[in-house]
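1. quick one, fold the following:
(one chain, ligands or ions: 1)
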Amino acid sequence: MDLSSKIQNVKFENLFLNASGIHCQTKEELDDLMNNSYSGGMVTKSATSNHRFGNPLPRYHSLPSGSINSMGLPNEGFDFYLDYVTRTEQKKPIILSVAGMSKEEDLELLHQIQDSDYQGLTELNLSCPNVIGKPQMAYDFQGSDIMLNEIFKFFKKPLGIKLPPYFDLVHFDKIASILNQYPLSHVNTINSIGNGMWVDIESEKVVLKPKGGFGGIGGAMALPTALANVRALRQRLNSSIDIIGTGGVTTGRDAFAHILCGANMVSIGTQVYEEGLGAFERITSELKEIMNSKGYHSLDDFRGKLKTIE
Ligand SMILES: CC(C)(C)CCc1c(C(=O)O)[nH]c(=O)[nH]c1=O
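-> This next block holds a predicted model:
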């Protein structure tokens, strides 16, 4: 049973990754992912130039079937992550995630990576804030196109993009036609579903302190949206662009669905946060069971082969 996969020419023995933000902020967490988890690879918490404490607590809340968060990019600062991915012996591949608080910061971080001796995979979080009055960069199609154009004038190393969910088929068409113009290593879809709200009935209060309680939704509730984004982008993106499917994976069945929709790799966030790193081993064995019962030996046997109803 072969659960290996690739992003461009980077091989992963197992298709699973942590979702950026989950168990990947501190050295302890990263070492834990590297040494004590069944995942085939790992992603760092999106880095900003400077260390950030992030938003005031409570900023994460578990929901009946998922999670809501407004962390505010707490991270150790870019230099820490660049040093970690450059100096740590890689028992498994690492994806370095960056998220500037502005387009200028994004470009600065990517220049530093380009000028460094880091040769691994980089992922730009396009949910980064835009100029005031404009939506997050990934929902500003022209802004994204302009930014990617500027990036690829100087950035020559493998670069993937983390995308928020889209909900309109015209938006799938628009973002895919932009991304297809650039030599991206991969697209990671989806980020949390933006600006959800949860209400505590007893206290009649929101559950998060930042942003008046608005926060990104993850976990099981996000699965249908995640599958739709993986499927829609796989149908539209050049085959040269690999896809990491993220969102709503709590079982082997969910991972199987992501791969059927076209995912090359699958990342797990909320479920790893709630269950611990053991979720990787459980979900891997559940996926193996399903593949075994269907006579599949590798992910290629069923990747992207979701059937429609004729
Ligand atoms: C939402 C931003 C703070 C702009 C980016 C970081 C981020 C966060 C976060 O750090 O609040 N949470 C998510 O679910 N996804 C993200 O991409």
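
2. can you give me the strands for the stretch 51-200 of the chain?
-> 60-63, 66-69, 94-98, 121-125, 159-163, 186-189, 193-196, 199-200 (DSSP state E, counting those that start in this stretch).

3. residues from the chain in reach of the ligand?
-> Residues of the chain found near the ligand (Cβ under 6 Å from any ligand atom) are 21, 46, 69-73, 99, 125, 127-129, 191-192, 216. For every residue, glycine as well, the C-beta is placed using N, CA and C.

4. now do the helices in this protein.
-> For the chain, the helices defined by DSSP state H cover 27-36, 78-87, 103-114, 141-154, 169-179, 223-236, 252-260, 270-275, 278-294.

5. run through who's touching the first one.
-> In this case it means helix 27-36. Around helix 27-36, the neighbours that count as contacts under Cβ atoms under 8 Å, 6 or more residues apart in numbering are 18, 23-24, 39, 42, 44, 76, 80, 84, 88, 90-92, 94, 277.

6. measure stretch 244-263 end to end?
-> Stretch 244-263 has an end-to-end distance of 6 Å (criterion: Cα to Cα, to the nearest Å).

7. avg pLDDT for that stretch?
-> For stretch 244-263, mean pLDDT rounds to 98.

8. buried residues in that stretch?
-> 244-252, 254-263 (16 or more other Cβ atoms under 10 Å).

9. centre of the chain to it, how far?
-> Distance, stretch centre to chain centre, for stretch 244-263: 13 Å (Cα atoms, centre = their mean, to the nearest Å).

10. do stretch 107-116 as well
-> That offset, for stretch 107-116, works out to 20 Å (Cα atoms, centre = their mean).

11. quick one: low-confidence ranges for the stretch 101-250 of the chain?
-> For the stretch 101-250 of the chain, no stretch has pLDDT under 70.

12. contacts only, for the closest residue to Lys294 other than its chain neighbours.
-> Spatially, and ignoring its direct neighbours in sequence, Lys294 is nearest to Phe302 (7.5 Å; Cβ to Cβ, 6 or more residues apart in numbering). By Cβ under 8 Å, 6+ apart, the contact set of Phe302 is 256, 259-260, 291, 294, 296.

13. now do Gly304
-> Neighbour list for Gly304: 234, 259-262 [criterion: Cβ under 8 Å, 6+ apart].

14. so which of these is the closest to Asp173?
-> Asp173 has its nearest neighbour among these in Arg234, at 13.7 Å by Cβ to Cβ.

15. buried residues in stretch 168-176?
-> Within stretch 168-176, the residues scored as buried using 16+ other Cβ under 10 Å are 172, 174-176.

16. would you list these in a markdown table and tack on distance to Asp31?
-> Shown next, in a markdown table, are the buried residues of stretch 168-176 (distance: Cβ to Cβ, whole Å):
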| residue | distance to Asp31 |
| --- | --- |
| Phe172 | 38 |
| Lys174 | 40 |
| Ile175 | 35 |
| Ala176 | 37 |
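
17. and Thr122, what are its bridge partners?
-> Leu96, Leu159 (DSSP bridges).

18. how close does the residue nearest to Lys294 sit to Gly40?
-> Per Cβ to Cβ, to the nearest Å, Phe302 is found 18 Å from Gly40.

19. before we move on, back to that, of the contacts of helix 27-36, just the buried ones, PyMOL syntax please.
-> Restricted to buried positions by 16+ other Cβ under 10 Å, the PyMOL selection for the contacts of helix 27-36 reads:
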select buried, resi 18+23+24+39+42+44+76+80+84+92+94+277
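
20. what's the burial count for the residue of the stretch 201-310 of the chain at minimum distance from the ligand?
-> Residue of the stretch 201-310 of the chain nearest the ligand, by Cβ to the nearest ligand atom: Gly216 (3.7 Å). Using other Cβ atoms under 10 Å, Gly216 is surrounded by 21 other residues.

21. please consider this matter closed, and thank you.
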